[in-house]
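[1] Need the 3D shape of this:
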Amino acid sequence: MSQGIEFVIITGLSGAGKTEAARALEDMGFFCVDNLPPSFIPTFAELCAQSGGKVNRIAMVIDVRGGDFFGALFEALEWLKSRQFRVTILFLEATEEVLIRRFKETRRRHPLEGEGGLLAGIRAERERLEGLRTQATVVLDTSRLNPHQLKEKIYEFLRGKEEGVKGPEVRLISFGYKFGLPLDADLVFDLRFLPNPHYVEELRPKDGREEEVSRYILEAPVTQEFLQALHRFLLFLLPLLAAEGRRSVTIGLGCTGGRHRSVSIVEEVAARLKAEGYPVGVEHRDIAQGKE
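    All right, here's what the predicted structure looks like:
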């Protein structure tokens, strides 16, 4: 039941950026849990395994706020590994000077700060976490990283583990302008300049998935030129979105009624991106009602 379920344990020094790391992983599609007592991890993992694949990427922030529960983390990690869960330990740290400055700026109290003051609390925490640090999959020093750069580092590491899979996931929507723009589209391209099969009597009843219609549209020189330019643009853009931590992008391609040109172009763009290794989803929103 645990096959394919991934746990990323976010831990490290207080003030090193664990909250920002959790936000980054949440943007990447992880289900995030903050400060769950380690002794509860096995029960939580079993619930995830019973979700039918709905919860299969989990990020958990675990740190010294857990108090006495924190000592149970090593046992919980061994339990996860013994049940074939994929486990990554992301350990964040920073220099004492940077941590002190961050705590002073936020005016928050260090969880181990006592009579010895802030510096003593930071050093006590570093010592307490040393054993966990040695088991970490990756250790990131965030001293010189802003939140955006930290997100890039995390995404770069996680994507490096997924060999052969590119990101982000591309969702292509064909639509008709007469029925309105797709509200969730990140990018929209207007295809109404392409040859229109509506004006060819034998093609009018068909849709853009059928060979005769597709050939009529795709063989036009203007279509070929457009597809080449769009393909170059997407191959330039998608890696940049991936570096930003984007897990998906929705692209709308529209014609007048959403039945002919937009459908054919979406199918062609999808085929080209799949050949490049990108995960692609297709939706023909108005194909059943659009009459150009």
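
[2] Need the distance between the two termini of stretch 243-251.
    The first and final residues of stretch 243-251 sit 18 Å from each other (Cα to Cα, to the nearest Å).

[3] Renumber starting at 326 from here on
    Okay, using 326 as the starting number, the last item reads as stretch 568-576.

[4] Quick one: mean pLDDT over that stretch.
    Stretch 568-576 shows an average pLDDT of 76 in the prediction.

[5] do the same with stretch 495-513
    For stretch 495-513, the mean per-residue pLDDT is 92.

[6] and the next element down the chain from the lowest-mean-pLDDT helix or strand in the chain?
    Lowest on mean pLDDT, DSSP states H and E among the helices and strands of the chain sits helix 472-486, with a mean of 75. Next along the chain after helix 472-486, taking DSSP states H and E as the criterion, comes strand 494-501.

[7] Within its sheet, name the partner strands of that following strand and how each one runs.
    Within its sheet, strand 494-501 is paired with strand 573-580 (parallel), strand 605-609 (parallel), according to DSSP bridges.

[8] Pick the most buried one from these.
    strand 573-580 (a mean of 22; mean count of other Cβ atoms under 10 Å). C-beta here means a position set from N, CA and C on the backbone, and glycine is covered the same way.

[9] can you give me the helices in this protein?
    Under the criterion DSSP state H, the chain carries helices at the ranges 343-352, 366-374, 398-407, 421-431, 443-453, 455-459, 472-486, 536-543, 546-568, 586-600.

[10] can you redo these as JSON lines with distance to Ala613 and mean neighbour count?
    Output for these, formatted as JSON lines (distance: least, Cβ to Cβ, whole Å; neighbours: other Cβ atoms under 10 Å):
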{"stretch": "helix 343-352", "distance to Ala613": "34", "mean neighbour count": "20"}
{"stretch": "helix 366-374", "distance to Ala613": "38", "mean neighbour count": "17"}
{"stretch": "helix 398-407", "distance to Ala613": "47", "mean neighbour count": "16"}
{"stretch": "helix 421-431", "distance to Ala613": "54", "mean neighbour count": "15"}
{"stretch": "helix 443-453", "distance to Ala613": "60", "mean neighbour count": "16"}
{"stretch": "helix 455-459", "distance to Ala613": "56", "mean neighbour count": "12"}
{"stretch": "helix 472-486", "distance to Ala613": "37", "mean neighbour count": "16"}
{"stretch": "helix 536-543", "distance to Ala613": "15", "mean neighbour count": "18"}
{"stretch": "helix 546-568", "distance to Ala613": "24", "mean neighbour count": "14"}
{"stretch": "helix 586-600", "distance to Ala613": "11", "mean neighbour count": "22"}
